[in-house]
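Visitor: no sequence for this one, just the structure:
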């Protein structure tokens, strides 16, 4: 919680400020540590939240991991490090969470156990890695790896948004142009063309038919996205296998499916390497990753892998038998098993996919703009050709 307080110093001078604290008693303790005497306090965090979002962003988690890694590596006690972090983070919601974590740790819980009480911020992989770091004495290394992983995910999501925003914007513009042409401009030009009383070419007839369809059923065209969304919702409610089927379709989409597959496999390899390197067993790692990999189809593949490993099969053979993982993953797993460096092999897989996804996104970015420009040009050009063609023919006949 965030408090606004009024206090006095030993000389009797009035001081005001804001502090995060679990409750009034905690606030009084913190104000006393500042050499002040608390006179009055007012909770402001709830009031502030009415006007702003307190969602925890990836940048907040990166800052949290980086600073906590530096403090723990320097030998600063955990509670003191968290207290310092609480005072430097601007996000009020995250401050409250850290305050609660400090209370839990003071009550006897470990850092990982305190994190598990806030699954909306620290997912299963995050808390599992921290627990492994605590058990092995490698908490600073785990926090550093987590910061790097979250930073990579943030950059990847940022690049993906860039790729999607331009096509969405241009696509919206194209749809607006199409509606304007078909509903307003083309009918007016068609009226003029029909007064010529001559045989119309096939492309002009096609344009007139499309325009008539838009004029008659514009409401159905606008309603189509909502109808599709409603159908998808009903499908989701009626079919327990909805998410599994949708995720399989995603992976099979042309071009996009390949990139999505690489993103999911890169994330899986990265997390698997982190967990294995942190001392978490292969079966426990796979069990944890089943719920956070981000694709139900691949999650079920991991379930089958876990079952086969539990029955005594090797890791590489289990992944190969499932048939959902590409040869690169199988090959690197086999090399890792043979050399005893499975974590390094998984990191290599993660690096390969990260680089491949980044290159694919960059290529897509360079191709999208000219492609959309060409589409818009062809659309407008075909409409103008269909409209101006009959006019040009009429002028040619008049000249002869």
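Guide: All right, it came through fine. Source: prediction; values computed, not measured.
Visitor: I figured residue 159 hits residue 359, correct?
Guide: No. Using Cβ atoms under 8 Å, residue 159 is not in contact with residue 359, being 10.8 Å away. Just so you know, the C-beta spots here come from the backbone N, C-alpha and C atoms, and that holds for glycine as well.
Visitor: quick one, which of the two is more surrounded?
Guide: Between residue 159 and residue 359, counting by other Cβ atoms under 10 Å, residue 159 is the more crowded of the two (17 against 10).
Visitor: For the nearest residue to residue 6 once chain neighbours are set aside, give me the pLDDT.
Guide: Leaving aside its sequence neighbours, residue 6 sits nearest to residue 40 (Cβ to Cβ, 6 or more residues apart in numbering; 4.3 Å). Residue 40 is assigned a pLDDT of 83 by the prediction.
Visitor: Report how many residues lie close to residue 40.
Guide: Neighbour number of residue 40 under other Cβ under 10 Å is 9.
Visitor: And it, how far from residue 392?
Guide: Relative to residue 392, residue 40 is positioned 84 Å away (Cβ to Cβ, to the nearest Å).
Visitor: Look up which residues are beta-bridged to residue 4.
Guide: Beta bridges link residue 4 to residue 18, residue 42 when assigned by DSSP bridges.
Visitor: cool, and the one 10 residues further on?
Guide: With beta bridges defined as DSSP bridges, residue 14 has these partners: residue 8.
Visitor: wouldn't it be in contact with residue 8 here?
Guide: Yes. Using Cβ under 8 Å, residue 14 is in contact with residue 8, at 5.8 Å.
Visitor: Which one of the two is surrounded by more residues?
Guide: Set residue 14 next to residue 8 and count neighbours by other Cβ under 10 Å: residue 8 wins out with 13 against 9.
Visitor: do you know how far the more buried one is from residue 32?
Guide: Distance from residue 8 to residue 32, by Cβ to Cβ: 12 Å.
Visitor: Please apply the same query to residue 136.
Guide: Distance, residue 136 to residue 32, by Cβ to Cβ: 38 Å.
Visitor: same check, this time on residue 327
Guide: The gap separating residue 327 from residue 32 is 64 Å, by Cβ to Cβ.
Visitor: Kindly report the same for residue 73.
Guide: When residue 73 is compared with residue 32 (using Cβ to Cβ), they lie 30 Å apart.
Visitor: just residue 137 next, same as before
Guide: The spacing between residue 137 and residue 32, counted by Cβ to Cβ, is 34 Å.
Visitor: Of these two, give the one with the bigger neighbour count.
Guide: When residue 137 and residue 32 are compared for neighbours, residue 32 comes out ahead with 12 against 9, by other Cβ under 10 Å.
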